[in-house]
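Engineer: pasting the structure only:
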Ligand SMILES: Cc1cc2nc3c(=O)[nH]c(=O)nc-3n(C[C@H](O)[C@H](O)[C@H](O)COP(=O)(O)OP(=O)(O)OC[C@H]3O[C@@H](n4cnc5c(N)ncnc54)[C@H](O)[C@@H]3O)c2cc1C
């Protein structure tokens, strides 16, 4: 290590937020021998009993598993997952079409958000380098003095703590980020854009025999052009459903108040869901309608004193299933940079923003685009045709062509590169359909199809 830097093992690290990213980062730092405190606003979720054992689930894919592998947890985590090999697309007539995600049987994984967070906190708790503090809300970060002001959410007591280095992993509405906003001369820029759509979580219970009422190994989508419902399987046989719908307008959440309005809406657009969700009205009325925002900001760090990561740095809409995966990949890259520049926190943080920001911007944009794909295009014959051609080329010429979804979900190709290559692929797929005609779909299984397609990609 360069002599001009203090030994990082002699410093004290404060992580604001003990959610998915904060808890993982704590374990990563602790494994390097760094003394770390996690300062979390909520109670210790390991002690919370979820209503009916229910939990929101997330899709965990390659990037997230790669980061969990770094702390030796990937195999344990996989045991908590249900692999989803494709989209099961439900039309209004009740027909279901399966669209595989990968070209070689790859799957994304449904996992309980709480279950994963509990596991990461338990792992953090095992380390003598980590102290977990709950009910501690960050009220202010004084970056020059390196002091954090905390409010105990139970007693209201205000305390101050001093750390050498801070990590802001306190989510989309980050208090740590506020300290960057308030710092002059940093030229901090911040952009927050809300979708017109909000979301509400609903629930399909397990079958009477404890099994799953829908295909277990798929992510279910009910695309309805300007809105959609999705469902991800849980280990207990249930599904967590999410309705994504406009907040205002003719068909929107603001029009769904009375039980009769809710039932009529489901009867018209999701008739097959009514029998699957006996407690539909209970959940619809009880669960909040939440909003969806993309947050971009720059720079993420201040001198050698603090950086943001996870949703605090880059909150994205959930339609590519990548928010957590991207935050976990942040931890992976942070770990590599720490090893590359031991003790040189300014360089680590600057390189971190320089590497991650173009990639988090790219996945933010791809996630918005994927909303249109999920709620509308997956039912569009032209999209289905291009998707089939995309996969056929990927299978026939793997060294030359990887579909964008595969790059994002099943490889560590930087998001920005996946976006650029995927956009180029889109243009080629348009050309193929235009020149070969729509009947190319019927010829994809022919022996000579490779020759037909190769000329477009060489
Ligand atoms: C509906 C929906 C579906 C999603 N689906 C997926 C998916 O399928 N796959 C995927 O990869 N991602 C998904 N995401 C995104 C994913 O949830 C986030 O990217 C991920 O939770 C980010 O983790 P984080 O630790 O950065 O932030 P958070 O999970 O928000 O954790 C932040 C933590 O900081 C704490 N905190 C907040 N403020 C303070 C404070 N002032 N002081 C102290 N502590 C504080 C919070 O209590 C929390 O514990 C989805 C998101 C939504 C909304």
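Structural biologist: Done, it's in. Here the structure is a predicted model, which is why all the values come from computation and not from measurement.

Engineer: for residue 285, what are its contacts?
Structural biologist: 259, 262 (C-beta atoms under 8 Å, 6 or more residues apart in numbering). Any C-beta I mention is one placed from the backbone N, CA and C, and that applies to glycine too.

Engineer: next: residue 66.
Structural biologist: Here residue 66 is in contact with 74, 328, 329, 332, 412 (criterion: C-beta under 8 Å, 6+ apart).

Engineer: ditto for residue 172
Structural biologist: So residue 172 contacts 293, 295, 311, 312, 315 (C-beta under 8 Å, 6+ apart).

Engineer: element containing it?
Structural biologist: Using DSSP states H and E, residue 172 sits in no helix or strand.

Engineer: so which of the contacts of residue 66 reach the ligand?
Structural biologist: Counting by C-beta under 6 Å from any ligand atom, the subset of the contacts of residue 66 that neighbours the ligand is empty.

Engineer: can you pick the most crowded of those?
Structural biologist: In terms of neighbours by other C-beta atoms under 10 Å, these top out with residue 328 at 26 neighbours.

Engineer: three-state assignment of that one?
Structural biologist: helix (DSSP: H, G, I helix; E, B strand; the rest coil).

Engineer: on that earlier part again, would you mind giving me the PyMOL syntax to select the buried ones in the contacts of residue 172?
Structural biologist: Provided next is the PyMOL selection string for whichever of these are buried by 16 or more other C-beta atoms under 10 Å:
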select buried, resi 295+311+312+315
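
Engineer: before we move on, back to that, what's the closest of the contacts of residue 66 to the ligand?
Structural biologist: Each of those was checked against the ligand using C-beta to the nearest ligand atom; the closest is residue 328, at 7.8 Å.

Engineer: from the contacts of residue 172, which land in strands?
Structural biologist: Under the assignment DSSP state E, those contribute 293, 295 to strands.

Engineer: for the contacts of residue 172, work out which two are farthest apart.
Structural biologist: For those, with distances taken as C-beta to C-beta, the pair at the greatest spread is 293 and 312 (12.9 Å).

Engineer: which stretches of the stretch 201-350 of the chain aren't confidently modelled?
Structural biologist: Across the stretch 201-350 of the chain, nothing is flagged by pLDDT under 70.

Engineer: ranges for the strands of it?
Structural biologist: With DSSP state E, counting those that start in this stretch as the criterion, the stretch 201-350 of the chain has strands at 218-223, 228-233, 239-246, 290-298, 301-302, 306-308.

Engineer: against which helices or strands is the shortest one packed?
Structural biologist: Going back to what we said before, that points to strand 301-302. On a contact count with 3 or more C-beta pairs under 8 Å, 6 or more residues apart in numbering; DSSP states H and E, strand 301-302 meets helix 345-375.

Engineer: for the helix it packs on, what is the distance to the chain centroid?
Structural biologist: Its chain's C-alpha centre and that of helix 345-375 lie 12 Å apart, by C-alpha atoms, centre = their mean, to the nearest Å.

Engineer: what about whichever strand or helix holds residue 87 and the ligand, touching?
Structural biologist: According to DSSP H and E, residue 87 maps onto strand 86-90. No. Using C-beta under 6 Å from any ligand atom, we find that strand 86-90 stays clear of the ligand, coming within 13.1 Å at best.

Engineer: enumerate the residues of the stretch 1-150 of the chain near the ligand.
Structural biologist: Within the stretch 1-150 of the chain, the residues that sit near the ligand (C-beta under 6 Å from any ligand atom) are 16-22, 39-42, 58-59, 137-138.

Engineer: most neighbours among those, please name it.
Structural biologist: Neighbour counts for those peak at residue 16, which has 31 neighbours (criterion: other C-beta under 10 Å).

Engineer: quick one: that residue from residue 120, how far?
Structural biologist: Distance, residue 16 to residue 120, by C-beta to C-beta, to the nearest Å: 16 Å.

Engineer: and what of residue 306?
Structural biologist: 21 Å.

Engineer: again, but for residue 220
Structural biologist: Taking C-beta to C-beta, one finds residue 220 at 27 Å from residue 120.

Engineer: these two: who's more crowded?
Structural biologist: residue 120 (25 against 21).

Engineer: which residues does the most centrally placed residue in the chain contact?
Structural biologist: A centroid search over the chain (C-alpha atoms, centre = their mean) returns residue 323, at 2.4 Å, as the residue closest to the centre. Counting by C-beta under 8 Å, 6+ apart, residue 323 makes contact with 311, 315, 316, 367.

Engineer: cool, residue 440 as well?
Structural biologist: 385, 389, 432, 433, 452.

Engineer: show me what contacts the last one?
Structural biologist: With contacts defined as C-beta under 8 Å, 6+ apart, residue 452 is in contact with 436, 440, 443.

Engineer: now do residue 300
Structural biologist: Here residue 300 is in contact with 180, 307, 308, 309, 313, 349, 352, 353, 356, 357 (criterion: C-beta under 8 Å, 6+ apart).

Engineer: and the fourth one, how many neighbours?
Structural biologist: Going back to what we said before, that points to residue 309. Neighbour count of residue 309, defined by other C-beta under 10 Å: 32.

Engineer: mind checking how far the nearest residue to it once chain neighbours are set aside is from the ligand?
Structural biologist: In space, and not counting its chain neighbours, residue 309 is closest to residue 330: 4.3 Å by C-beta to C-beta, 6 or more residues apart in numbering. According to C-beta to the nearest ligand atom, to the nearest Å, residue 330 and the ligand sit 8 Å apart.

Engineer: what of residue 448?
Structural biologist: For residue 448, the distance to the ligand - C-beta to the nearest ligand atom - is 40 Å.

Engineer: try residue 35
Structural biologist: 19 Å.

Engineer: residue 227 now?
Structural biologist: 14 Å.

Engineer: ok, now how distant is the closest residue to that residue other than its chain neighbours from the ligand?
Structural biologist: Leaving aside its sequence neighbours, residue 227 sits nearest to residue 245 (C-beta to C-beta, 6+ apart; 4.4 Å). Distance, residue 245 to the ligand, using C-beta to the nearest ligand atom: 13 Å.

Engineer: ok, now residue 66?
Structural biologist: Distance, residue 66 to the ligand, using C-beta to the nearest ligand atom: 13 Å.

Engineer: list the buried residues of the helix or strand encompassing that residue.
Structural biologist: Assigning secondary structure by DSSP H and E places residue 66 in helix 62-70. Within helix 62-70, the residues scored as buried using 16+ other C-beta under 10 Å are 62, 63, 64, 65, 66, 67, 68, 70.

Engineer: how about the second one, what does it touch?
Structural biologist: For residue 63, the set of contacting residues under the criterion of C-beta under 8 Å, 6+ apart consists of 322, 325, 326, 328, 329, 332, 412.

Engineer: how about a cut-off of 10 Å?
Structural biologist: 322, 324-330, 332, 363, 408-413, 415 (C-beta atoms under 10 Å, 6 or more residues apart in numbering).

Engineer: mark which of those residues are buried, thanks.
Structural biologist: Burial by neighbour count, 16+ other C-beta under 10 Å: within these this picks out 322, 324-330, 332, 363, 408-410, 413, 415.

Engineer: no further queries at this time; thank you.
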